[in-house]
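J.: here are the coordinates; sequence isn't available:
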């Protein structure tokens, strides 16, 4: 039996919609899905027809539950396979969103946790239904989050709110998300799609040259200072140590068993 497409695409006029499509898994991100996001955005950046991209999830329960680490990428092109030697599928997708020449809107039709929350932060704007929750739980799982992802949150909500979000690993509701600046608009769920597409139409009616130029300059202005080689090595060591730790295994087990983890700092 043929598996359903993990990423649905719809182009209407100058607006492209990318729909994360794994409803049985709460639209969990897979390497295959993320590679498809990268390929679609790369294609449309070259074609230069699209003026706004909207990313959403199937249904009204989940934008995405986060990264599905059990999934394995399949059917990638030789070119993408070569890219994957240096960058993960998640990095490819996020960089394609950030570097897409026109605005990208995350339509948060449901909760967004972990990597899905980070994916939304990579978008230029975020519009949320009023039942949405978002959060980053690496500390609850025993994981050190990647510096590039932390930088995205610092640029979006500032250092103090990033510290709160990652240190507490809380799940935030829309009133607090709006207060923190993590979402730009909050709508009743039955008004979300109409508002988001009206916003996209408003943006797409503006001059393409202006949209491209403004986004590019804003990206340049917000580009973080790069870590030097020693700092990169230190960050990589910290991340790798967490990925190899007994605490990470305990955190994953506790999550699956719906219990409080018992960390041993090892």
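T.: Yep, that arrived. Remember, it's a predicted structure, so these values are computed and weren't measured experimentally.
J.: from residue 256, how far off is the closest residue to residue 169 other than its chain neighbours?
T.: Nearest residue to residue 169, sequence neighbours excluded (CB to CB, 6 or more residues apart in numbering): residue 140, at 4.1 Å. Heads up, the C-betas are built off the backbone N, CA and C, glycines and all. As for residue 140, its distance to residue 256 is 13 Å (criterion: CB to CB, to the nearest Å).
J.: so for the two, which sits in the more crowded spot?
T.: residue 140 (17 against 8; other CB atoms under 10 Å).
J.: what strand or helix carries the more buried one?
T.: Taking DSSP states H and E as the definition, residue 140 sits inside helix 138-141.
J.: any idea which helix or strand comes after the worst-scoring helix or strand of the chain on mean pLDDT?
T.: Least confident helix or strand of the chain, by mean pLDDT, DSSP states H and E, is helix 78-83 with a mean of 55. Using DSSP H and E, the helix or strand that directly follows helix 78-83 along the chain is helix 89-99.
J.: after that following helix comes which helix or strand?
T.: Next along the chain after helix 89-99, with elements defined by DSSP H and E, is strand 104-108.
J.: for that next one, packing partners?
T.: strand 52-57, strand 62-64, helix 115-122, strand 125-129, helix 189-204 (3 or more CB pairs under 8 Å, 6 or more residues apart in numbering; DSSP states H and E).
J.: so can I have CSV of these showing mean neighbour count?
T.: What follows is those, written out as CSV (neighbours: other CB atoms under 10 Å):
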stretch, mean neighbour count
strand 52-57, 26
strand 62-64, 28
helix 115-122, 24
strand 125-129, 25
helix 189-204, 16
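J.: let me have these in a markdown table, extended by distance to residue 22.
T.: Shown next, in a markdown table, are the helices and strands packed on strand 104-108 (distance: least, CB to CB, whole Å):
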| stretch | distance to residue 22 |
| --- | --- |
| strand 52-57 | 9 |
| strand 62-64 | 8 |
| helix 115-122 | 11 |
| strand 125-129 | 19 |
| helix 189-204 | 20 |
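J.: what about the ones you listed, which gets the closest to residue 145?
T.: Nearest to residue 145 among the helices and strands packed on strand 104-108 is helix 115-122 (8.4 Å), distances taken as CB to CB.
J.: mind giving me the packing neighbours of that closest one?
T.: Applying 3+ CB pairs under 8 Å, 6+ apart, we find helix 115-122 packed against strand 62-64, helix 89-99, strand 104-108, strand 133-135, helix 147-157.
J.: tell me the secondary structure of residue 10, please.
T.: Following DSSP: H, G, I helix; E, B strand; the rest coil, residue 10 is assigned to strand.
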